[in-house]
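Peer 1: Test case, fold it:
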Amino acid sequence: MLHARHGSDLAGVGGRPGACCARTLGSDIACCTPTTSDQLGGHHLALGYNREDILAELLFCLINGRRPMPFPVRRMNAVDCVLPVWDIPKSLLDACYPAYSESNYTERVDTTTVQRSSIYFIAHCLDALVPQLSISLLRGIARLMDDLDGWQPLRPIDGTPLMRTGHADPTAEADLIATLRRFFPIVATGLIVQPGRQRQ
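Peer 2: You can find the predicted model right below:
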């Protein structure tokens, strides 16, 4: 797991993570780059997923017949990924940091991933239809998944820092790893790099 400011250096391509992905893998991949994260110390990592991010991810999983990913904490190997703003609407977060939000939207690239765009549109519209309906949906599904032990398990992919959700067939997984290794040599090492520390 990498801080955004270190990702492009490790990948050897320079520039912001979204920009380097757009240059190397095409414009659509820029919308799939990791959310900026901050290390909390030890084996915890805070991710900036907001309410609409979690709802869109949940809708994607349900539409495609997949188990949802756990929130507000998801375990990835020895790291607890904490989602501290999972229940806060993006509009409220944008209002807290308007200058950052403006630059964030300005730097985004156009996307042709229709399903992703549609799902995010639905996620942002839900509370406009019925206030707080999204949070009720998220909390209700979280309770159901807890009761049924229905969260999607994440398993490590040997020799990489990647996790498997259980939906990829072996051929597709091998092709993806080969592509990632081509553009991001760190994937080939299987290392988890933390700022201020030597590679282990």
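Peer 1: can you pull the contacts of the nearest residue to residue 127 once chain neighbours are set aside?
Peer 2: Once flanking residues are discounted, residue 127 sits nearest to residue 134: 5.2 Å by CB to CB, 6 or more residues apart in numbering. All C-beta atoms are positioned from the backbone trio N, CA, C, and that covers glycine. The neighbours of residue 134, taking CB atoms under 8 Å, 6 or more residues apart in numbering as the test, are 51, 52, 55, 123, 126, 127.
Peer 1: so where do the helices sit in this protein?
Peer 2: 4-11, 17-25, 51-63, 90-96, 98-107, 114-129, 133-148, 170-183, 186-189 (DSSP state H).
Peer 1: Now mean pLDDT too, for these, in CSV please.
Peer 2: Below are the helices of the chain laid out as CSV (pLDDT from 0 to 100):
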stretch, mean pLDDT
helix 4-11, 45
helix 17-25, 45
helix 51-63, 94
helix 90-96, 91
helix 98-107, 85
helix 114-129, 90
helix 133-148, 96
helix 170-183, 86
helix 186-189, 56
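Peer 1: Let's see stretch 117-137 as CSV, backbone CA atoms only.
Peer 2: This file holds the C-alpha atoms of stretch 117-137, laid out as CSV (Å, rounded to 0.1, in the frame of the first residue of the first chain):
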residue,chain,number,x,y,z
SER,A,117,-20.8,6.9,-14.3
SER,A,118,-24.4,5.8,-14.1
ILE,A,119,-23.9,4.2,-10.7
TYR,A,120,-22.3,7.3,-9.3
PHE,A,121,-25.1,9.4,-10.7
ILE,A,122,-27.6,7.2,-8.9
ALA,A,123,-25.6,7.4,-5.7
HIS,A,124,-25.6,11.2,-5.8
CYS,A,125,-29.3,11.4,-6.6
LEU,A,126,-30.6,9.1,-3.9
ASP,A,127,-30.6,11.7,-1.1
ALA,A,128,-32.1,14.3,-3.4
LEU,A,129,-35.1,12.0,-3.8
VAL,A,130,-35.5,11.1,-0.1
PRO,A,131,-33.1,12.8,2.4
GLN,A,132,-30.9,10.3,4.2
LEU,A,133,-32.2,7.4,2.2
SER,A,134,-28.6,6.5,1.2
ILE,A,135,-27.4,6.2,4.8
SER,A,136,-30.4,4.1,5.7
LEU,A,137,-29.6,1.8,2.8
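Peer 1: Nothing else from me, thank you.
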